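Visitor: here is my input; please provide its structure:
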Amino acid sequence: QLQLVESGGGLAQPGGSLRLSCAASGANLEHYFIGWFRQAPGKEREGVSYIDFADGRTNYEDSVKGRFTISRDNAETTTFLQMDSLKPEDTAVYYCRAFKDREDYWGPGTQVTVSS
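Guide: Next up is the predicted model:
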């Protein structure tokens, strides 16, 4: 069974950068969509970005376009989310999700805090 673990969260200043990683084990990600989601206190979980592992196509939520970049490694086991020009409103727990057909897996999340 596929398992996901996020890492790379932490504290960043406004305008700073963080790089999140989502490491997969138990299966190859080749046929999955991998998405990054976030949930801020008191708000619903929202999609940030996703990548089709098969062909590398990507998609971004409007508020992060031009600031965040999703990518994958050639070993097809890790997905990255490069976050630049961070804003306080980016503060949230960030989750990695792998899904295809009826399969749906989530990681436990990693906290990102943007504050001066």
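Visitor: beta partners of the most centrally placed residue in the chain?
Guide: Here the mean C-alpha position of the chain is nearest to the C-alpha of Trp36 (Cα atoms, centre = their mean), at a distance of 3.0 Å. Beta-bridge pairing of Trp36, defined through DSSP bridges, involves Ser49, Cys96.
Visitor: you'd agree it is up against Arg19?
Guide: No. Taking Cβ atoms under 8 Å as the contact criterion, Trp36 and Arg19 are not neighbours in contact, 11.8 Å apart. To be clear about C-beta, it is placed using only N, CA and C from the backbone, and glycine gets the same treatment.
Visitor: contacts only, for the residue of the chain most remote from its centre.
Guide: Distance from the centre of the chain peaks at Ser116, with 23.0 Å (Cα atoms, centre = their mean). For Ser116, the contacting residues are 13-14, by Cβ atoms under 8 Å, 6 or more residues apart in numbering.
Visitor: and it, how far is that from Gly15?
Guide: Between Ser116 and Gly15 the distance, using Cβ to Cβ, to the nearest Å, works out to 9 Å.
Visitor: in space, what's closest to Thr69 - neighbours in sequence excluded?
Guide: Spatially, and ignoring its direct neighbours in sequence, Thr69 is nearest to Gln82 (4.4 Å; Cβ to Cβ, 6 or more residues apart in numbering).
Visitor: number of nearby residues for that neighbour?
Guide: Applying other Cβ atoms under 10 Å, we find 14 other residues in the vicinity of Gln82.
Visitor: for it, what are phi and psi?
Guide: phi -80, psi 120 (degrees, to the nearest 10).
Visitor: gap between it and Leu2?
Guide: If you go by Cβ to Cβ, the gap between Gln82 and Leu2 works out to 23 Å.
Visitor: same check on Arg102?
Guide: Counting by Cβ to Cβ, the gap from Arg102 to Leu2 is 13 Å.
Visitor: pLDDT at the residue farthest from the centre of the chain, what is it?
Guide: At Ser116, the predicted lDDT confidence score is 94.
Visitor: likewise Tyr32?
Guide: Reading off the confidence values, Tyr32 has pLDDT 90.
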